Each structure stands twice: as C-alpha cells, then as structure tokens.
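# got a structure for you, letters missing:
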C-alpha cells in the first residue's frame, strides 16, 4: 500500500520565500567561492546601541531572578519609557498602561494587527511600492490585497483622489509607512491629516509604520500628532533602526485602549514576553540623548549617503536628494530594459549586492535601492568596483 503523500498548507502557494532569504543564500555561495561580495542591500544597522544600553543588558543578565517568563504586555519600566519617548520626541501623550504595547519587532506586529482586525476575504490597502511583508502576511492570513499607488511625481504620498474612487466597502486596514521605505519619501503632516480623515470617513483602520523618523531626519513626525488619530489609527515604531538594535527585536504599537486590548488578545496567544534584560535595556536606550541620535543616525548616515549618491551617479541613476531614511532609492536609466539586468551585473561583475525595486511592487520596477548600513570604507570600495565595471 502506497504511503499517502504529505502536502503543505495551501496558503504556502500564495507566497514565495522572502527575496532576501533566497538571495542571501546565493551571496553566501559566492563568498564561499572567494568572490568577496559587498552587501549594500539589507537595512540592518551595523553600529552598536548606546553604551548604557549594553551595560544595562549585562547588568540584568547577571541577576539570578531575571530569567523567568515576562508579561506579554511588557514590563512597567519598558511601557513607561515608551510613553516618555513619544512625549519627548513627538509631543504625544500616551497612557503607558493601556495605549501602547511592546512588540517583538514591527514584523510581528503586522501579524498581530491583521489577525485582530481582518477576517478572511476582507480587503487590505497596501502601498505600491511598499514593504513586502504587508502583502505576504495578508495573503497568508486570507486577506485580499488592494494596492494603492505611490508615485515619484507625487512625492511617494498616497493619491487621495484615486483612493476615493475605489470601492472601499470591504477594506478593513490600510498600511502606510512614513518616512517611506523603500522610496525615502518624507513624512508630511498634511498626509497624516488626510489619512486620519480618510480613516474616519470610511471606517478603515490606518496603520502607520514609523521606524525611520530618526534616520537622516531632524523632523520627528507621528500620525498620532493629528487630533482624533488615536481613535482610528495604529502606529508602529521600532528600535531596530533608530537605536541600532535590529537583532534585539523590540518595537511598539500605539493606539487607543480598545485597539491595544484586541491586539494583546492575539499577541498573548502567540508569544511570551521578551527576556527581562532586553526590556530593561530597551527602556535605557529610549533615554538616549539628542547628541547620540545626531551622531549615530544623522552624521554617520549623512557621510555614507554621499558615497551612495556617487554610486547612483556611476550607474546613471537619478534620485531625489531630499529623501530620508537608511536607503537611497534611484531610478535606472531608460537604456536599461530590466532592473534585474542591472542588479545582477552589479552583483556578478562588480561583486556588490544592491536591491532591485521590483521586490517592493510594480511601481518599483524601474528603481534600485542602496542600503547605507555598511562602513564608509566598504561603500567607497563598492563605488570603485562599480566605477571600474561600468566605465
């Protein structure tokens, strides 16, 4: 009798392995062959957190009673520090007991929020171009993706006239991300105000993903600064980029008490609380002063950005010098038919890994993205390799 074959869940057919997961295997193989690939693709900060953050982690890790399970909703110290962070930098008042929720990173937050608000078959507005996880997790959970356009000629902001013409009757969530990744489009208060009005008028929950407001930007904006936003919006923030803590997996979710309770109901059934040492160290990091942020997130990235712009110039790409964030987004020359023709040549001939924009959606098909998460010497070396290859 033949054994019955085991098949994966049908939902796996709706998504592919994450681009970087797949591509990094290829890069690892090239490195194993001695190719010495310089990666300018991933947005993983290469600088350490502040000294007091690391010291606090070590201090708590040595405490014998610090290693047990922690509350899913976070320690009081971390919640209080998060509320103070929003008050200090954004001028937003939050009840640390009910209006915020620590996350094991924003990626997990996307899962929790979708499970809390979206039934299978409901529709979700996703930006094009946009962070691929908005699309992939929504598909896995049975939601229908409805893309809305972001365009260069509109500063990569939502086209509200276009949105109002859509059938929005089944839309439950709208994902937004400002400062924008991958395009570097700036956060604008007028955009936030229109998003709040849009949410109120259509009964849609707008979720703004806000991890980049400290990167190459001295203007710290939050959708929660808009009156009424807390009633209909959710905001994610993350310590990965702003505090150089990507591997620590600490983020936060901001909203009204009812929304937070619904999200916590999901979260508490999926994960347990983060290690106490990480939570208390994160609370310490949230107290970093302006001088630390200026050097770690503005001065350093500004120096690197100058070299990334020269790489764009060497490739014949055009770009907006006013964009912010830890990437540089550029449009490829008209003479190049397919963006992957360019990125694959850069990878295999110049031995530099950069990101093709199509992975963020069809509106990114004529763009590339360069990460600033590499030492200046490496970016300079990448420039030299590319210049030699394309001269």
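Arrived safely, thanks for sending. Since the structure is predicted, the reported quantities are computational estimates derived from the model, not experimental observations.

# can you give me the strands in the protein?
Per DSSP state E, the chain carries strands over the ranges 38-39, 100-103, 123-128, 144-149, 171-177, 205-209, 233-238, 251-254, 318-319, 327-331, 352-353, 355-356, 367-371.

# In CSV, list the ones you listed along with mean neighbour count.
Bear in mind the C-beta positions are built from the backbone N, C-alpha and C, glycine included. Putting the strands of the chain into CSV (neighbours: other CB atoms under 10 Å) gives the following:
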stretch, mean neighbour count
strand 38-39, 20
strand 100-103, 26
strand 123-128, 23
strand 144-149, 16
strand 171-177, 23
strand 205-209, 25
strand 233-238, 26
strand 251-254, 26
strand 318-319, 16
strand 327-331, 25
strand 352-353, 24
strand 355-356, 25
strand 367-371, 26
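
# Is it correct that residue 69 is in contact with residue 271?
No. Applying CB atoms under 8 Å as the test, residue 69 and residue 271 come out as separate, 10.9 Å apart.

# The two: which is more packed in?
Neighbours were counted for residue 69 and for residue 271 using other CB atoms under 10 Å; residue 271 has more, 14 against 9.

# Could you check how far the more buried one is from residue 74?
Distance of residue 271 to residue 74, computed by CB to CB, to the nearest Å: 12 Å.

# coming back round to it: return every residue with contacts to both of residue 69 and residue 271.
Counting by CB atoms under 8 Å, 6 or more residues apart in numbering, residue 69 and residue 271 have no shared contacts at all.

# Now do the domain split for the chain, please.
Structural domains annotated on the chain: 10-48+291-390, 66-285, as defined by automatic domain parsing.

# Most tightly packed of those?
domain 66-285 (a mean of 20; mean count of other CB atoms under 10 Å).

# picking that back up, now the strands of the chain in a markdown table, with mean pLDDT and distance to residue 135?
As requested, the strands of the chain are exported to a markdown table (pLDDT from 0 to 100; distance: least, CB to CB, whole Å):
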| stretch | mean pLDDT | distance to residue 135 |
| --- | --- | --- |
| strand 38-39 | 94 | 24 |
| strand 100-103 | 96 | 20 |
| strand 123-128 | 98 | 5 |
| strand 144-149 | 97 | 6 |
| strand 171-177 | 97 | 9 |
| strand 205-209 | 97 | 13 |
| strand 233-238 | 97 | 16 |
| strand 251-254 | 96 | 19 |
| strand 318-319 | 96 | 25 |
| strand 327-331 | 97 | 19 |
| strand 352-353 | 94 | 23 |
| strand 355-356 | 94 | 16 |
| strand 367-371 | 97 | 17 |
